[in-house]
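A.B. asks: sharing a sequence plus its predicted fold:
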Amino acid sequence: MSKHTGSTRARIDLHHKAENELYKLENTVKAEFYDFCHKFRQNPDQPGLDLKQLKGDSRIWRAKVTRNIRALMIPVGAGPNARNHWLVIAVRPRKEVYEQLQVAINRVTGEIEFVDLAVVGDTALRRAGITLTPAEPEKTTPTQPEPDVPNPEVAVLQPLLAGVSAEQLGELGVAEQLIPLALAVVTEDELDDLLRGAPMLSKDVLYGLASGMPLDEVRAEITSKVSLDRTPDLDDLASAVERTKITTVDDDLRQVVEEGDFRAWKVFLHPTQKAVVEVDFSGPARVTGGPGTGKTIVALHRVNILAQRLAAQATPGAHPILLTTFTANLAADLRSRLSSLMTPELRELVDVMHIDQLAARITGENSSRRPTRKRVDDQAALREMKDLVAEVGHDKWTPEFLFEEWDQIILGHSVTTRSEYFQVRRSGRGRGVTRTERAEIWKIVDQFTARMDKLGIETWGQAAERAARYEMARAAQVEQLRAGTDEVQDGENSSGARARDYRYQHVVIDEAQDLRAAHWKLLRALVAPSANDLFIAGDTHQRIYDHQVTLGALGISVRGRRSQRLTLSYRTTREILAHALAISDDTSIDYDDLDDGRDTLAGYRSILHGPRPTFVEYDSWEAERAGLAATLETWRQELKSEDRDPTGRIAVCVAEHGKVGEVISYLSSQENLTCAELTKDGVKGSGMIHVGTMHRFKGLEYERLAVVGVSEGIMPRRYLERFRDSDPERYERELRKARSLLFVAVTRARDSLAISWHGQRSHFLPKIVEG
Ligand SMILES: Nc1ncnc2c1ncn2[C@@H]1O[C@H](COP(=O)(O)OP(=O)(O)OP(=O)(O)O)[C@@H](O)[C@H]1O
């Protein structure tokens, strides 16, 4: 990142906040900024650049980029060469440059911080007695400072942070200039205004305190995670710039900035993310965290770091790292992100495959002695179970119950004999079954698998189970070889017999919460038990299938320090997050942690802001679709007016599968709204608006999202009511799954979220929406 320019020219770096400002400027201004940098590096003092110190903080200089745009810069070179090295701290309209701007070195992080009071609301500034003086006042319209009169309505209110002292805020890392203002704010809106342009740590601490986090928790969860191990010298800018997130302005940067904020994740990891990416784990490790906390980003960077470490000793053509996830479209997304993060040489070291593809590859390698079976989805297999139950005239158990018992318990625990089935624990399956009943179930399931065999078909669950067995045999063989107790039999067409080594050196897994036991056995067997063998990212609040596992019981121990949690959301705004949390109902529902502990969303928070989500009730499905079309048209026009192509930025998440087609045909009949369906394998077609069921939205993100059909009877489905009395445990499980599905859906939205229903609104939707 930090290339040095020639010694005779000044070096320019961009503070990450300035880089963010640059992303938002028009392309013509960006181009002028690069011309400006070019000239500045040759001679900062040439007259056209009009370089001048501010009157307030004399370390800050302003220079002219265009007639209306100014760059704010500080010299950060060491000693007498200070002016050989400059840091751009802001790029902004001339009118927003004022004399009270300040830079400081944060006493906790030691980084250079820049506080922007131009965006702080007038009320807060007035109450703190601050008047901003423009550095280049307009000649024609002199600005009259507002009289310093407190607003009588808010003056009597309690400060939002009553009970916290200035000293405590300073010690937690809040920027000095913000402290008096923070202590004066009395409403959430004022706090929002204050923090809009604030440094990240100040935002995180102040939002934490305002949401009721105790001081100790803020210290432990936020401040200590970013704290330097020593007190920084608060005057030494040259050292501080080394600790600050910066990008050097060189010829490559121009193209990079054109990518906009989508590149931010590649460059600036949050310290908590960075720690998880870089640390050495003595064995398997797990990272959990609410939606949008960067688990996928961490997984990608982790792959990059592991590849860097292996690069020197890698055999040409080998792929020692596996990155896997749940579905084909998520794997495709990982592939493209990885290619933009890694060098082509390092990228070569990585296989990216979704979990079914992995199982198919392994069963394929082992199938020369068996006829290949056609893989079918669970619905097709359930139809076979229904036919079988009808043919044998069985009426004690429903086909659905029998199928799930087979899939989750018998297949899920790799049960191969009747006596194993008698002993297996059926946790999570609701009503208990006696030994005699188990014998009956076993008999039907046996007939069912024989039928599937005869038809030459298998489910993906069966394929995973088979792949796990092959890979476990291979691992056993490798271990025997290592112990010197076995010879390799060349020529046998089985990966178990052929293998001299484990398939991979590192395996990184995303969206781990929905993997089944057989997948975990397969993944465990792919890599030798060793340091950094398995890296697992997932969130059980987002589990939308029925596969609950206990990793410890599957030979994957992620206890103690090998279990990490991310809590700061980079996607979900504060407005959306509050509603999403109410939907997940984390405080009253127990969510597992993929092991035998409990995972919570405690501390899950955001410092991003956006519009409040909208909640709209309609009389009928017809009316709801018309309302949806109007919302989408507004969004389309808003994006267009910002000169941004709406394609792929807007999506509709439909609560019920049968209604996806109805939404698409309705929208397609509107003049401007073309659609593309979101399928299991990704987006089908090139339409502007992506439409799919909630399941299809797993792991994705959209700038603007409409979730439709969130009515009672659809979310959750009415048919679940029959389990309320007959099988209360199953009832609870199904409700939780439905709740998680809605939680996943609403947390896909980055900026705007519109939720609607017709008839009675789902009881999962939080009460606070009515306020
Ligand atoms: N350090 C970062 N800097 C900038 N953007 C980031 C950073 N970390 C994450 N993001 C962005 O936040 C968004 C969410 O990240 P990511 O998809 O990794 O979260 P996640 O925890 O995997 O979410 P989910 O559980 O919902 O799938 C993405 O747009 C990502 O680019």
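C.D. replies: Nice, thanks for sending it over.
A.B. asks: please count neighbours and contacts with C-alpha atoms only from this point.
C.D. replies: OK.
A.B. asks: residues near the residue in the stretch 51-200 of the chain positioned nearest to the ligand, how many?
C.D. replies: Minimum separation of the stretch 51-200 of the chain from the ligand (Cα to the nearest ligand atom) falls at M200, amounting to 11.5 Å. Around M200 sit 16 other residues, with neighbours defined as other Cα atoms under 10 Å.
A.B. asks: and A467, by the same measure?
C.D. replies: 27.
A.B. asks: so which helix or strand takes in it?
C.D. replies: A467 is part of helix 460-482 when elements are defined by DSSP states H and E.
A.B. asks: residues of that helix that come out buried?
C.D. replies: Applying a neighbour-count criterion of 16 or more other Cα atoms under 10 Å, one finds 460-479, 481 buried in helix 460-482.
A.B. asks: which helices and strands does that helix pack with?
C.D. replies: helix 355-365, strand 374-376, helix 495-498, helix 517-526 (3 or more Cα pairs under 8 Å, 6 or more residues apart in numbering; DSSP states H and E).
A.B. asks: output the last one as PDB, nothing but the C-alphas.
C.D. replies: It stands for helix 517-526. In PDB, the C-alpha atoms belonging to helix 517-526 read as follows (Å, rounded to 0.1, in the frame of the first residue of the first chain):
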ATOM      1  CA  ALA A 517     -23.200 -33.400  10.700                       C
ATOM      2  CA  ALA A 518     -22.000 -35.300   7.600                       C
ATOM      3  CA  HIS A 519     -20.600 -32.100   6.200                       C
ATOM      4  CA  TRP A 520     -18.600 -31.500   9.400                       C
ATOM      5  CA  LYS A 521     -17.300 -35.100   9.300                       C
ATOM      6  CA  LEU A 522     -16.200 -34.600   5.700                       C
ATOM      7  CA  LEU A 523     -14.600 -31.200   6.500                       C
ATOM      8  CA  ARG A 524     -12.800 -32.600   9.500                       C
ATOM      9  CA  ALA A 525     -11.300 -35.400   7.500                       C
ATOM     10  CA  LEU A 526     -10.100 -33.100   4.700                       C
END
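A.B. asks: now do that helix and helix 460-482, the angle between them.
C.D. replies: Computed by axes from the mean of the first three to the mean of the last three Cα atoms, to 10 degrees, the angle separating helix 517-526 from helix 460-482 equals 20 degrees.
A.B. asks: run the contact check for the helix or strand just after helix 517-526 versus the ligand.
C.D. replies: Counting by DSSP H and E, the next helix or strand C-terminal to helix 517-526 is strand 534-537. No - Strand 534-537 is not in contact with the ligand by Cα under 6 Å from any ligand atom; minimum separation 7.7 Å.
A.B. asks: following strand 534-537, which helix or strand comes up?
C.D. replies: By DSSP H and E, the next helix or strand past strand 534-537 is strand 563-566.
A.B. asks: what's the spacing between T614 and L741?
C.D. replies: Relative to L741, T614 is positioned 19 Å away (Cα to Cα, to the nearest Å).
A.B. asks: so which of those two has more stuff around it?
C.D. replies: Set side by side, T614 and L741 show more neighbours around L741, with 26 against 13, by other Cα under 10 Å.
A.B. asks: doesn't H541 make contact with that one?
C.D. replies: No - L741 lies out of contact with H541 (Cα atoms under 8 Å); the separation is 9.0 Å.
A.B. asks: quick one, whichever strand or helix holds L338 and helix 355-365 angle?
C.D. replies: For L338, the host element (DSSP H and E) is helix 328-341. Relative orientation of helix 328-341 versus helix 355-365 (the same axes, to 10 degrees): 100 degrees.
A.B. asks: is helix 328-341 up against the ligand anywhere?
C.D. replies: No - shown here: helix 328-341 not in contact with the ligand (Cα under 6 Å from any ligand atom), separated by at least 9.7 Å.
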